[in-house]
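Chemist: Next comes the sequence, and after it the predicted model I'd like to discuss.
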Amino acid sequence: MKTPSRDPDDRLDAVLRQELHWETPPEVSARLLALVPGNQVPAPAVPAPPRPQSWYSMLVLVLTAAAVGLSLGVAWQFYGTVGAELGLIAMFDQLRYAPLIGLQRLYDALPASRQVVAILLVIRDQIHWLLLAIMLWLAFDQQPQRQTVRN
């Protein structure tokens, strides 16, 4: 039996082998060898990559901020127009007043619920003050944090 000719495949294999073969830079090899324990090869000093000048960084920052601001402005205008066409403003007004309407219906159906809601509001205010006190206590606490040791 004669095997079929693979000339195009053989040429592709040869090109791939040639392109996928590269020489590693000596500084990378030295740095990798320095990671091996017990190896006495000193790692070469790698210079820090150059940082861009401050005017260039500021220019990029300003242009990025301008592009983001312009994009947000265009999106605001577009979605504002679409929202006005679809009646989203009226829908948001209805959603804003829905809790008040619900409470009024609750008060009409169960008049004693006014006292329950008032008590819940007082409890909510006390919990807010307690949360503020805890946050201030944690912020101004001068003792170092304890380290937990896991086994």
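Modeler: Done, it's in.
Chemist: okay, now Leu106: neighbour count?
Modeler: If you count neighbours by other CB atoms under 10 Å, Leu106 ends up with 14. All C-beta spots, glycine's among them, are computed from the backbone N, C-alpha and C.
Chemist: correct me, but it touches Ser113?
Modeler: Yes - at 5.2 Å, Leu106 counts as touching Ser113 under the criterion of CB atoms under 8 Å.
Chemist: quick one: average pLDDT of the helix or strand where Leu32 lies?
Modeler: Using DSSP states H and E, Leu32 maps to helix 26-35. Mean pLDDT, helix 26-35: 81.
Chemist: Show me what counts as buried in it.
Modeler: For helix 26-35, burial by neighbour count (16 or more other CB atoms under 10 Å) applies to no residue.
Chemist: ok, then the element right after the longest helix along the chain?
Modeler: Counting residues, the longest helix in the chain under DSSP state H turns out to be helix 54-86. Once the chain leaves helix 54-86, the next helix or strand it forms, by DSSP H and E, is helix 88-109.
Chemist: Could you tell me the angle between that following helix and helix 54-86?
Modeler: Interaxial angle of helix 88-109 relative to helix 54-86 (axes from the mean of the first three to the mean of the last three CA atoms, to 10 degrees): 60 degrees.
Chemist: packing partners for helix 88-109?
Modeler: Contacts defined by 3 or more CB pairs under 8 Å, 6 or more residues apart in numbering; DSSP states H and E place helix 88-109 against helix 113-140.
Chemist: got the buried residues for the helix it packs on?
Modeler: Of the residues in helix 113-140, none is buried (16+ other CB under 10 Å).
Chemist: could you give the angle of that helix to helix 88-109?
Modeler: Per the same axes, to 10 degrees, the angle that helix 113-140 makes with helix 88-109 is 120 degrees.
Chemist: So for Leu72, what's the pLDDT?
Modeler: For Leu72, the predicted pLDDT is 97.
Chemist: swap that for Asn151, please
Modeler: Listed pLDDT for Asn151 reads 54.
Chemist: if we can go back for a sec, give the other helices and strands that the longest helix of the chain contacts.
Modeler: Contacts defined by 3+ CB pairs under 8 Å, 6+ apart place helix 54-86 against no helix or strand at all.
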